[in-house]
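[1] Have a look; sequence and predicted model below, questions after that.
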Amino acid sequence: MPTLTPVASVRLTRPDGSPVRALVVDDEASLGDLLRMALRYEGWDVQTAANGQDALALARTFSPDVIVLDIMLPDLDGVQVLQRVRAAGSDAPVLFLTAKDAVDDRVAGLTAGGDDYVTKPFSLDEVIARLRGLLRRSARIVSAATGPEIRVGDLVLNEETYEVERAGEPIALTATEFELLRYLMRNPRRVLSKAQILDRVWSYDFGGRSSIVEIYISYLRKKIDEGRDAMIHTVRGVGYTIKPSAPEPAA
């Protein structure tokens, strides 16, 4: 079961208010897709590349504010990509992805001008926290403060106090139930697939079955919807969504 870590309630943007631009470079398609989804969840504009040459082309045309760069790529390695990005004039902070025991890779990456690294396998929360820290220190990004509360209809979730209530009635949740509800509430009316939920709530290297999602959705329904108008809905064959309950019919 994943460890629940606080998600910052401050959204980062470019100085003009547009989304942060992130470039993710990894030749493992599933991992690249997962990182793209997680960063888009933060409200960022994300592009991905599966090799060094494509990464260099995107670095020129996309002008990323931050780069997630795997050391091991099928053509150029990550250090070579970084050197060419720096030579082209980009000072975007770079977070390297390295193998767990690849100490030499980490040293080479940081020596070449990388800013930080994480080792595989990693948690998405850790990657996001590292990237946010790099962006704040880079002075390329400003913070857009938002409140800690997420509201969908009469359901309120507080990301700072980890309290949840519906129609003013407190609801006690486990750490995983809270994380699942937060993901649903940050995407109201959007249908989220089991795969998306597994990736975001249980992390990409979770080895369990998709039935875990069904189990936790049922737990949430008992606590959120039982005895009330339903907010959590199943879209058969697609996934799950949350939306305000239907209003009471007029008398």
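    Thanks, I have it.

[2] Every contact and neighbour count from this point should use C-alpha atoms.
    Fine.

[3] would you list every one of the helices in this structure?
    Here the chain has its helices, by DSSP state H, at 29-41, 52-62, 78-87, 103-111, 124-138, 175-185, 194-202, 211-224.

[4] Averaged over its residues, which helix or strand of this structure has the lowest pLDDT?
    Among the helices and strands of the chain, strand 142-145 carries the lowest confidence by mean pLDDT, DSSP states H and E, at a mean of 56.

[5] Please identify which of the helices of the chain is closest to Pro148.
    helix 175-185 (11.5 Å; Cα to Cα).

[6] CA atoms only for the closest one, dumped as PDB, please.
    The C-alpha trace of helix 175-185 is given here as PDB (Å, rounded to 0.1, in the frame of the first residue of the first chain):
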ATOM      1  CA  ALA A 175      -4.900   7.000   3.800                       C
ATOM      2  CA  THR A 176      -5.600   5.100   0.600                       C
ATOM      3  CA  GLU A 177      -9.300   6.000   0.600                       C
ATOM      4  CA  PHE A 178      -8.300   9.600   1.000                       C
ATOM      5  CA  GLU A 179      -5.900   9.500  -1.900                       C
ATOM      6  CA  LEU A 180      -8.400   7.800  -4.200                       C
ATOM      7  CA  LEU A 181     -11.100  10.300  -3.200                       C
ATOM      8  CA  ARG A 182      -8.700  13.200  -3.800                       C
ATOM      9  CA  TYR A 183      -7.900  12.000  -7.300                       C
ATOM     10  CA  LEU A 184     -11.600  11.600  -8.100                       C
ATOM     11  CA  MET A 185     -12.400  15.100  -6.700                       C
END
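
[7] which parts of it are buried?
    Under the neighbour-count criterion of 16 or more other Cα atoms under 10 Å, helix 175-185 has 176-185 buried.

[8] angle of that helix against helix 211-224?
    Interaxial angle, helix 175-185 versus helix 211-224 (axes from the mean of the first three to the mean of the last three Cα atoms, to 10 degrees): 80 degrees.
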